[in-house]
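>>> Predicted model and sequence follow; I will ask about them next.
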Amino acid sequence: MNENKDLTVESTDNKGGAPKGNNNAAKAKVWSDAVRKAVTQGQNLDLLATALVEKALSGDISALRELGDRLEGKATQQIDQNTEVSGAVTYTWKK
């Protein structure tokens, strides 16, 4: 192990990850809670939705994409796969 203790990173488990005492997730939760509270008070949510629609109508592609994702769901990526099999293929079902 490294002799310099300032450079040693101790993980919370043996899988690696953030060092002990990492509070990033807690900070993110505080921020998201504050934003959620501000957005849901009064008519703020309606105003934000209206602003998004107006931006999409004015030609803002990212606003249009966001509306589409929210209303229709994100588009799934189609994956084409061609498999060539040489020889016989045997299927066996067990009960």
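The structure has been received and is ready for your questions. Numbers count the residues shown, from 1 in each chain.

>>> Every contact and neighbour count from this point should use C-alpha atoms.
OK.

>>> pLDDT score for Gly59?
Note for Gly59: predicted pLDDT of 95.

>>> three-state assignment of it?
Secondary structure, DSSP: H, G, I helix; E, B strand; the rest coil: Gly59 is coil.

>>> Can you report how many residues lie near it?
10 (other C-alpha atoms under 10 Å).

>>> same thing with Ser62?
The burial count for Ser62: 12, using other C-alpha under 10 Å.

>>> One more: Glu54?
Neighbours around Glu54, by other C-alpha under 10 Å: 14.

>>> same question, Ala88
Neighbours of Ala88 (other C-alpha under 10 Å): 5.

>>> Need the pLDDT of it.
80.

>>> Asp13 too?
51.

>>> following whichever strand or helix holds Ala56, which helix or strand shows up next?
Assigned by DSSP states H and E, Ala56 belongs to helix 44-57. Using DSSP H and E, the helix or strand that follows helix 44-57 in sequence is helix 61-72.

>>> can you tell me which residues contact the residue nearest the centre of the chain?
Nearest to the geometric centre of the chain sits Lys74, at 11.9 Å (C-alpha atoms, centre = their mean). Lys74 is in contact with Gly68, counting by C-alpha atoms under 8 Å, 6 or more residues apart in numbering.

>>> separation between it and Leu57?
20 Å (C-alpha to C-alpha, to the nearest Å).

>>> related to what we said a few turns ago, so which bits of the helix holding Ala56 are buried?
For helix 44-57, burial by neighbour count (16 or more other C-alpha atoms under 10 Å) applies to 52-53, 56.
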